[in-house]
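Student: below is the sequence, then the predicted model.
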Amino acid sequence: MFQMAKQKRKVTEMTEKKNKKLKKASTEETLLAPQAVSGTEQAHPEGEAVLGARQEPAPQLPALTPEEKRVLERKLKKERRKEERKWLRESGAAQSLPAKRSGAQLALDYLCGWAEKHENWRFQKTRQTWLLMHMYDSDQVPDALFSTLLAYLEGLRGRARELTVQKAEALMQEVDKASGAEPFPLGKTQRIRRVLQLLS
């Protein structure tokens, strides 16, 4: 008796799964038909028809839940975008994307924005971290911007200030140890001293 009830539940679960799959497949076909027409109009502006000669009407099914609609719309939108990109690639009209700016350029722009006190300037931890990591390198932070960076460092507070002082002191100790064998570049040494004088 127990086994029959279990088997009956299993059969109903299987039929529910099959019904869901059928419902999903037919709703996709129903929603794809209007989208295919508008998609082909976009993909083929010359007016070439890519539709089949005959279309069968889709069977009437219960309405989709809002979540199912959203999922289906996302899928369809993704497919349309993919088709558009494919068509653009094939037609040779691939659009060139603007090059992304490097982290160095973004951090230097951030520093310049701070110096000019723009209304839209706001604190960005990643930009500050980049500046603190590369401030001793004259290739990364040009000499013209180093004085601006020192002014920015005056306002440094909390843990960032402590770590910057600790790093500068550690680098100064390395400079003292390495003065005999391989001396540090003079510009880097001067920058370390200026940071220590400012923050200590």
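Tutor: Right, received. Where do you want to start?
Student: end-to-end on stretch 85-105?
Tutor: 30 Å (C-alpha to C-alpha, to the nearest Å).
Student: averaged pLDDT, it. What do you get?
Tutor: For stretch 85-105, the mean per-residue pLDDT is 75.
Student: for the protein, which segments count as helices?
Tutor: 2-43, 66-91, 103-115, 125-134, 143-154, 158-178, 186-199 (DSSP state H).
Student: remind me what the last one packs against, helices and strands.
Tutor: Packed against helix 186-199, as judged by 3 or more C-beta pairs under 8 Å, 6 or more residues apart in numbering; DSSP states H and E, are the following elements: helix 143-154, helix 158-178. In short, each C-beta sits where N, CA and C put it, glycine included.
Student: give the buried residues for it.
Tutor: For helix 186-199, a neighbour-count test (16 or more other C-beta atoms under 10 Å) marks 189, 191-192, 194-195, 199 as buried.
Student: so where's the protein uncertain?
Tutor: 1-62, 93-99, 179-182 (pLDDT under 70).
Student: thought residue 115 was touching residue 150?
Tutor: No. In this structure, residue 115 is not within contact of residue 150 by C-beta atoms under 8 Å, at 11.1 Å.
Student: what do the two both touch?
Tutor: Counting by C-beta atoms under 8 Å, 6 or more residues apart in numbering, residue 115 and residue 150 have no contacts in common.
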